[in-house]
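Student: My questions are about this predicted structure, shown below with the sequence.
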Amino acid sequence: LKVLDAKVGDGARPQPGDTVVVHWSGYTSGYQGKRIENTSKRDDPFVFKLGSGTVIPAFEEAVASMNVGGLRRVEIPGDHPELSWPRDRSERFLDVINLK
């Protein structure tokens, strides 16, 4: 998992069992990566319970080490399908826009 913090948040770090609220964008790999999702465009944040196993492992790992208010780019290399969506082994990029 590769991460790049565009902004380190100054709020609390979520703990297992916490409900987190995030905006994220997902892209396919390559020069002309295609956006596959963007929750902020719809103004519909994604809500999940940290540690519940309801999201892909890479998403869980990335959010667990963020602080509230952080902005992070996450790359899931295609040679680690266990971290990503089971049917797609390409690289995916997630822009975690906010954590509340």
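Tutor: Alright, I've got the coordinates.

Student: Just give me how far stretch 58-68 sits from the chain centre.
Tutor: The chain centroid and the centroid of stretch 58-68 are separated by 7 Å under C-alpha atoms, centre = their mean, to the nearest Å.

Student: Check which residues of that stretch are buried.
Tutor: 58-60, 62-63, 66 (16 or more other C-beta atoms under 10 Å). C-beta coordinates here come from the backbone N, C-alpha and C atoms, glycine included.

Student: Narrow those to those in helices?
Tutor: Using DSSP state H, the subset of those located in helices is 58-60, 62-63.

Student: Format the residues you listed as TSV; extra columns: pLDDT.
Tutor: Shown next, in TSV, are these (pLDDT from 0 to 100):
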residue	pLDDT
Ala58	84
Phe59	84
Glu60	90
Ala62	90
Val63	92
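
Student: how much space between the most centrally placed residue in the chain and Val68?
Tutor: By C-alpha atoms, centre = their mean, the chain has its centre lying nearest to Phe59, at 4.2 Å. Noted for Phe59: a distance of 17 Å to Val68, by C-beta to C-beta, to the nearest Å.

Student: now, among the buried residues of stretch 58-68, which is nearest to Ile76?
Tutor: Closest approach between these and Ile76, by C-beta to C-beta: Ala58, at 4.7 Å.
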